[in-house]
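> Provided below are the primary sequence and the corresponding predicted coordinates.
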Amino acid sequence: MNQLSVDLYQSATNPDKFLAIPAGVDPGELTGPMVFDKDYAEIIRYQEAFQFDPSESYEGVNAAKIAADILTLKWAMYRRTAPRKPSKG
């Protein structure tokens, strides 16, 4: 599968939740993610025009599922599942 150019957004209320949509798409035009999870009602841009390669391994996410969702739904909700390093203190 080829790389996908996607814009990544992060939930403003839950920083572990992200939304990936095709680059250039206005997230305000999407209602699906917000219907399924209220944490996506307020999002902030995390990264613009990210070259997402579904065959690569991204820590803590299922790249194949994200790509399939983008291609079928035009958006993908995902959560960062990699354990965070404990803070030193």
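The structure has been received and is ready for your questions. Residues are numbered from 1 along each chain as shown.
> can you give me the helices for the protein?
In the chain, helices defined by DSSP state H lie at 32-36, 63-73, listed in chain order.
> so which of those helices gets nearest Gln47?
Checking these against Gln47 by CB to CB gives helix 63-73 as the closest, at 13.6 Å. Placement of C-beta: from N, CA and C, glycine included.
> packing partners for the closest one?
strand 4-11, strand 17-22, strand 43-52, strand 76-79 (3 or more CB pairs under 8 Å, 6 or more residues apart in numbering; DSSP states H and E).
> and for Ala41, nearest residue in space, chain neighbours not counted?
Here the nearest residue to Ala41 in space, its sequence neighbours aside, is Met34; by CB to CB, 6 or more residues apart in numbering that works out to 4.9 Å.
> number of residues surrounding that neighbour?
Burial measure for Met34: 16 neighbouring residues, criterion other CB atoms under 10 Å.
> with Ile70 instead?
When neighbours are defined as other CB under 10 Å, Ile70 has 19 of them.
> residue contacts, it?
Going by CB atoms under 8 Å, 6 or more residues apart in numbering, Ile70 touches 4, 6, 20-22, 52, 76.
> then Gln47?
Counting by CB under 8 Å, 6+ apart, Gln47 makes contact with 7-8.
> quick check: it vs Val6, distance?
Going from Gln47 to Val6 by CB to CB, to the nearest Å gives 9 Å.
> so which bits of the least confident helix or strand in the chain by mean pLDDT are buried?
Lowest by mean pLDDT, DSSP states H and E among the helices and strands of the chain is helix 32-36, with a mean of 89. Counting neighbours by 16 or more other CB atoms under 10 Å, one finds that the buried residues in helix 32-36 are 33-34.
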